[in-house]
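>>> How does the following fold in three dimensions:
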Amino acid sequence: MTKRQEEIIKTSIDIISEKGIQHLTIKNLAGAIGISEPAIYRHFESKMEILISILNKFENYIKSEKELITREDISSIEKIGSIFLYHFVHFKDNPAFAAVIFSEEIFRDEKRLSDKVFSIISSNFEMIRVIVRKGQRKNEIRTDINEEQITDIIMGALRLIVKKWRLSNRSFDIEMEGMKLWDSIKMMITDNI
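This next block holds a predicted model:
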């Protein structure tokens, strides 16, 4: 990626973070950087290519953290808690990523974007599901609830709190509230142990 492409992505993230994804236009982006609209198109074919690049950047952040967490020699519960915390810290530090990832209503008619977001969500789901399954085998996580249902509860809770945080204009500390939520989920999924 060129230096200019990185600048375009960073500025796009800033625009999304400050004004919302609907304000990310090639015109607004060019104005924020101080270059012409055709100059943007020399680096990215379209706004969609910029959004795909933002999603790729987010996916790479998450992937590197997931690899570290899943390699650690800690319990399944601690792994899931670490993943939860990482997401909340990352979204708190980079609210534009939350805006892009949780803007599925905007992507509904953009197959490439919706496919990319679905791929990221599916990858996260599968990672959590594998950890849950291992936790059930080690008797760290209750076994009377199906691993997929536990994963749905975990992923759904994460999505809901991020959505509430975004819709409330980031009016609460997502990291603190997220960890309170995780403590409650942890009690539910370890109840029989």
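
>>> Tell me the pLDDT of G34.
G34 carries a pLDDT score of 95 in this model.

>>> Next up, the contacts around the residue nearest to G135 when sequence neighbours are not counted.
In this structure, G135 finds its nearest non-sequential neighbour in S76, 2.8 Å apart by C-beta to C-beta, 6 or more residues apart in numbering. Placement of C-beta: from N, CA and C, glycine included. Counting by C-beta atoms under 8 Å, 6 or more residues apart in numbering, S76 makes contact with 131-132, 134-135, 138, 140-141.

>>> try 10 Å this time
128, 130-138, 140-141, 189-190 (C-beta atoms under 10 Å, 6 or more residues apart in numbering).

>>> do the same with D14
Counted by C-beta under 10 Å, 6+ apart, D14 has contacts 24, 29, 32, 96.

>>> Most neighbours of all those, which one?
L24 (23 neighbours; other C-beta atoms under 10 Å).

>>> quick one: it from V100, how far?
9 Å (C-beta to C-beta, to the nearest Å).

>>> Quickly list what's touching both of those two.
Common neighbours of L24 and V100 (C-beta under 10 Å, 6+ apart) are 12-13, 16, 51, 54.

>>> that older thread, filter the contacts of S76 to the buried ones?
128, 131-136, 140-141, 189-190 (16 or more other C-beta atoms under 10 Å).

>>> Any chance of JSON lines for the residues you listed, columns pLDDT and secondary structure?
Listed next are these as JSON lines, based on pLDDT from 0 to 100; DSSP: H, G, I helix; E, B strand; the rest coil:
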{"residue": "I128", "pLDDT": "93", "secondary structure": "helix"}
{"residue": "I131", "pLDDT": "93", "secondary structure": "helix"}
{"residue": "V132", "pLDDT": "96", "secondary structure": "helix"}
{"residue": "R133", "pLDDT": "95", "secondary structure": "helix"}
{"residue": "K134", "pLDDT": "93", "secondary structure": "helix"}
{"residue": "G135", "pLDDT": "95", "secondary structure": "helix"}
{"residue": "Q136", "pLDDT": "96", "secondary structure": "helix"}
{"residue": "E140", "pLDDT": "95", "secondary structure": "coil"}
{"residue": "I141", "pLDDT": "96", "secondary structure": "coil"}
{"residue": "I189", "pLDDT": "95", "secondary structure": "helix"}
{"residue": "T190", "pLDDT": "92", "secondary structure": "coil"}
